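Asks: What shape does this take:
(chains A and B)
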Amino acid sequence: EAAVTQSPRNKVAVTGGKVTLSCNQTNNHNNMYWYRQDTGHGLRLIHYSYGAGSTEKGDIPDGYKASRPSQENFSLILELATPSQTSVYFCASGDVGGHTGQLYFGEGSKLTVL
Amino acid sequence: GQQVQQSPASLVLQEGENAELQCNFSTSLNSMQWFYQRPGGSLVSLFYNPSGTKQSGRLTSTTVIKERRSSLHISSSQTTDSGTYLCAMDPGTGGYKVVFGSGTRLLVSP
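Replies: Predicted structure coming up:
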């Protein structure tokens, strides 16, 4: 069974602080994704990666950085967190563009920036 | 750009009624996937359906690539079916991005 694990599941941060959200997948997928989900906006793609060492900008990358140090791990970094980044963040892995495009999602990380 | 139109935006059913959820795509697609999300929960894959019809219990997914549409049929709805249903397409243009619909919020009342 495909598995994507996120940490932390809940995080409260202060404005201007640094936040790192981590994602680990055991699917051996090349592609990994970070989304945020907000009421009224649905799922929006922040950054994605198609392999270790690569990161690509998604649709809303401003204020976020990403890091893919290995096949299994993909992190989302908020260097200077702002209240507008309060949201639920989802990590996903998949073989999109390959033989199968099926996505597997993590449990989500709820971030509150005060 | 690539777009996915999902309908209806919301739906209220009495337990036992059937539902038909639709997704229409503005471009060709390589594959599509249906997800279920309980409030406050994660996205659970229901179907990965490049084309044709797939069934799992009371759920049936049908994708017609030439017509650029996909549907999710829920038969004999139950209160536990309540939640949001999302479709997502892989446009197959050589990139790695998936395009999501805006979701259908389903409420099944007893």
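Asks: How about stretch A:20-37 and chain B, touching?
Replies: Yes - Stretch A:20-37 reaches chain B (C-beta under 8 Å from any C-beta of the partner chain) through A:31, A:33. Backbone N, C-alpha and C define where each C-beta goes, glycine included.
Asks: Which positions within that stretch qualify as buried?
Replies: For stretch A:20-37, a neighbour-count test (16 or more other C-beta atoms under 10 Å in any protein chain shown) marks A:21-25, A:27, A:29-37 as buried.
Asks: Span of stretch A:21-37 from start to end?
Replies: 15 Å (C-alpha to C-alpha, to the nearest Å).
Asks: can you check stretch B:39-48 too?
Replies: Using C-alpha to C-alpha, first and last residues of stretch B:39-48 are 22 Å apart.
Asks: How about residues contacting it?
Replies: A:90, A:92, A:100-108, B:31, B:33-37, B:54, B:56, B:59, B:61, B:72, B:83-86 (C-beta atoms under 8 Å, 6 or more residues apart in numbering or on different chains).
Asks: Mark which of those residues are part of strands, please.
Replies: Counting by DSSP state E, the part of the contacts of stretch B:39-48 found in strands is A:90, A:92, A:103-105, B:31, B:33-37, B:54, B:56, B:59, B:61, B:72, B:83-86.
Asks: Would you mind measuring from the residue of chain A found nearest chain B to A:Glu72?
Replies: Taking C-beta to the nearest C-beta, chain B has its nearest neighbour within chain A at A:Gly101, 3.5 Å off. Distance of A:Gly101 to A:Glu72, given as C-beta to C-beta, to the nearest Å: 20 Å.
Asks: For these two, indicate the residue with more neighbours.
Replies: Between A:Gly101 and A:Glu72, counting by other C-beta atoms under 10 Å in any protein chain shown, A:Gly101 is the more crowded of the two (24 against 17).
Asks: Tell me where chain B is predicted with low confidence.
Replies: Residue ranges of chain B with pLDDT under 70: B:1-2, B:93-95.
Asks: Break down it into its strands, ranges please.
Replies: Using DSSP E, the strands of chain B run over B:4-7, B:10-14, B:19-25, B:31-37, B:43-48, B:52-56, B:59-64, B:69-74, B:83-90, B:99-100, B:104-109.
Asks: Which strands or helices does the first one pack on?
Replies: Strand B:4-7 is packed against strand B:19-25, strand B:83-90, with contacts defined by 3 or more C-beta pairs under 8 Å, 6 or more residues apart in numbering or on different chains; DSSP states H and E.
Asks: Buried deepest among those strands, which one?
Replies: Stretch with highest mean neighbour count among those: strand B:83-90 (a mean of 24; mean count of other C-beta atoms under 10 Å in any protein chain shown).
Asks: pLDDT averaged over stretch A:6-21, what's the number?
Replies: For stretch A:6-21, mean pLDDT rounds to 98.
Asks: Same check on stretch A:39-47?
Replies: 88.
Asks: cool, stretch A:95-104 as well?
Replies: Across stretch A:95-104, the average pLDDT comes to 73.
Asks: Next, the contact list for the residue of chain B found nearest chain A, please.
Replies: Scanning chain B for proximity to chain A using C-beta to the nearest C-beta identifies B:Asp90 as nearest, at 3.5 Å. Counting by C-beta under 8 Å, 6+ apart, B:Asp90 touches A:96-97, A:101, B:29-33, B:98.
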